[in-house]
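S.K.: have a look; sequence and predicted model below, questions after that.
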2 protein chains.
Amino acid sequence: MKRAVCLLSGGLDSSTCLALAHHEGYECFALSFDYGQRHRFELVAAARVAAAYGVERRTVQFDLRQFGGSALTADIAVPKHASVSELEAGIPVTYVPARNTIFLSFALAWAETLGAQDIFLGVNALDYSGYPDCRPEFIEAFSRMASLSTKAGVEGARLTIHTPLIALTKAGIVQLGQSLGLDFALTHSCYDPQENGHPCGACDSCLLRLKGFAEAGLTDPLVYP
Amino acid sequence: MKRAVCLLSGGLDSSTCLALAHHEGYECFALSFDYGQRHRFELVAAARVAAAYGVERRTVQFDLRQFGGSALTADIAVPKHASVSELEAGIPVTYVPARNTIFLSFALAWAETLGAQDIFLGVNALDYSGYPDCRPEFIEAFSRMASLSTKAGVEGARLTIHTPLIALTKAGIVQLGQSLGLDFALTHSCYDPQENGHPCGACDSCLLRLKGFAEAGLTDPLVYP
């Protein structure tokens, strides 16, 4: 059984990605990050999703609030909008400097000690927030670097970073999750959840998620205001 | 004044690298890592060196013992030898999976929030321990990936990873440090220090350091057994 490290935030995308890797027969090892994010509630969702698939999950803790520079890790308001058509062009303030580079670096470390040559990452470059580290060219460059950085790589292992959602619409991701039997009620996408953990319904992440469910003709089981 | 993030472990190499960046007129920001390393004592040295140059220093904490796979982060003995001629060929057990990738990723995050386009890293590919993530091809691949991963990169900033020691012998590094006025007594290189913080004198790192001082015709001020 081939081992795979699956980055799991507990959101719709990473949960669908884990469901897919599990469906494809990989022995999955879920990796989450407690990095000082405003929406730390997502880790509760990550734990639920990992448990649903019976996979081992580890959480790496560090504090990106040391560097700030993002609405998710500094005292900057998360933008709210009435609809997805109002999302601003360009890279939004919820971008976290170097976040996916850091996340993938830890995945690389764990993959090496597990003897895994596969990493699954639920990035999406279509209905997405405009983050540079969700684009195919970044993933390609990271993969190339990874094979030069590790003992496994030097010894000939060829790490593959799987990004099966990268070219899907949000509706396509919802449909994929549905087809895999993912329980969407376990997941959590909001950047700025209410105190009870329920999503705000107005941040970029909520709006894109709701658009995906609407276009897929499905109802999001989460409770919105 | 151009800003630079300088990775600073407190060892001979990273301390010389910081001294050089400081000498070249950069406003330096030192970055250290408390990652569960056996030789955590190096952080004391990093603090001393940063203080000597009057630079701000931050320490990112995380625990690579979660993944293990190295004599520096797992219950694996640090190899000891009588002389540098006995160092084993290949990648030794002190290699830490993906360590420099992780370190540089955090440097990238801080550089972006500082508006810095320069990172200094004291890697050395000549008199070194055989780590894959100390080689020029890794640095080149990381640089390429970095410019694709960040908002700064997308907006046209061109990050430079400076590795001024990469082609020097250990003796050359000692001579460079000496010429820059670095106080070697502040630094610490041992992978497996004694309880009093003094170096063991027999690990790869001690042996390479001692070889460097000997070949440079200088005396290492540290106290060896």
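M.R.: In hand now; what should we look at? These figures come from a predicted structure and were not determined experimentally. Numbers count the residues shown, from 1 in each chain, chains lettered A, B, ... in the order given.

S.K.: ok, now how distant is the nearest residue to residue A:70 once chain neighbours are set aside from residue A:216?
M.R.: Spatial nearest neighbour of residue A:70, excluding adjacent residues (C-beta to C-beta, 6 or more residues apart in numbering or on different chains): residue A:96 at 4.2 Å. Just so you know, the C-beta spots here come from the backbone N, C-alpha and C atoms, and that holds for glycine as well. To residue A:216, residue A:96 is 28 Å away according to C-beta to C-beta, to the nearest Å.

S.K.: just residue A:25 next, same as before
M.R.: For residue A:25, the distance to residue A:216 - C-beta to C-beta - is 26 Å.

S.K.: neighbour count for the two, which is higher?
M.R.: It is residue A:216, of residue A:25 and residue A:216, that has more neighbours when counted by other C-beta atoms under 10 Å in any protein chain shown, with 19 against 10.

S.K.: and the strands in chain A?
M.R.: Using DSSP state E, the strands of chain A run over residues A:3-7, A:27-34, A:56-61, A:118-120, A:160-162.

S.K.: looking at these, which is closest to residue B:43?
M.R.: strand A:56-61 (17.8 Å; C-beta to C-beta).

S.K.: which elements pack onto the closest one?
M.R.: Judged by 3 or more C-beta pairs under 8 Å, 6 or more residues apart in numbering or on different chains; DSSP states H and E, strand A:56-61 is in contact with strand A:27-34, helix A:42-52.

S.K.: what comes into contact with the last one?
M.R.: Just to be clear, that refers to helix A:42-52. Helix A:42-52 has contacts (C-beta atoms under 8 Å, 6 or more residues apart in numbering or on different chains) with A:8-11, A:14-15, A:18, A:30, A:32, A:34, A:56-57, A:59, A:183, A:186-189, A:197.

S.K.: report the buried residues of that helix.
M.R.: For helix A:42-52, a neighbour-count test (16 or more other C-beta atoms under 10 Å in any protein chain shown) marks A:42-43, A:45-50, A:52 as buried.

S.K.: with stretch A:177-184 instead?
M.R.: Here stretch A:177-184 shows A:177, A:182, A:184 as buried, counting by 16+ other C-beta under 10 Å.

S.K.: now those in JSON lines, with distance to residue A:203 and pLDDT?
M.R.: Output for the buried residues of stretch A:177-184, formatted as JSON lines (distance: C-beta to C-beta, whole Å; pLDDT from 0 to 100):
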{"residue": "A:177", "distance to residue A:203": "20", "pLDDT": "98"}
{"residue": "A:182", "distance to residue A:203": "22", "pLDDT": "98"}
{"residue": "A:184", "distance to residue A:203": "18", "pLDDT": "98"}
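
S.K.: is chain B contacted by the helix or strand of chain A with the lowest mean pLDDT?
M.R.: Sorting the helices and strands of chain A by mean pLDDT, DSSP states H and E puts helix A:151-154 at the bottom, at a mean of 90. Yes - Helix A:151-154 reaches chain B (C-beta under 8 Å from any C-beta of the partner chain) through A:151, A:153-154.

S.K.: which one of those sits closest to residue B:159?
M.R.: residue A:153 (22.3 Å).

S.K.: neighbours of the closest residue to the closest one other than its chain neighbours, how many?
M.R.: Take residue A:153 and drop its neighbours on the chain: the residue closest to it by C-beta to C-beta, 6+ apart is residue A:147, 4.0 Å away. If you count neighbours by other C-beta under 10 Å, residue A:147 ends up with 19.

S.K.: do the one 4 residues further on as well
M.R.: The local packing count at residue A:151 equals 21, with neighbours defined by other C-beta under 10 Å.

S.K.: same question for residue A:77.
M.R.: Other residues close to residue A:77 by other C-beta under 10 Å number 8.

S.K.: kindly report the same for residue A:112.
M.R.: Neighbour count of residue A:112, defined by other C-beta under 10 Å: 26.

S.K.: list the contacts for residue A:218?
M.R.: A:174-175, A:178.

S.K.: what's the answer for residue A:162, then?
M.R.: With the criterion set at C-beta under 8 Å, 6+ apart, residue A:162 makes contact with A:4, A:17, A:21, A:118-121.

S.K.: residue A:64 too?
M.R.: Going by C-beta under 8 Å, 6+ apart, residue A:64 touches A:35-37, A:70, A:73, A:96-97, A:99, A:102, B:109.

S.K.: mind checking how far it is from residue A:125?
M.R.: Distance from residue A:64 to residue A:125, by C-beta to C-beta: 23 Å.

S.K.: same question for residue A:194.
M.R.: Between residue A:194 and residue A:125 the computed distance is 29 Å (C-beta to C-beta).

S.K.: ok, these two, which is more surrounded?
M.R.: residue A:125 (18 against 14).

S.K.: so which of the contacts of residue A:162 comes closest to chain B?
M.R.: residue A:119 (11.4 Å; C-beta to the nearest C-beta).

S.K.: what's around the closest one, how many residues?
M.R.: As a measure of burial, residue A:119 has 27 neighbours, counting by other C-beta under 10 Å.

S.K.: now residue A:219
M.R.: Residues near residue A:219, counting by other C-beta under 10 Å, number 9.
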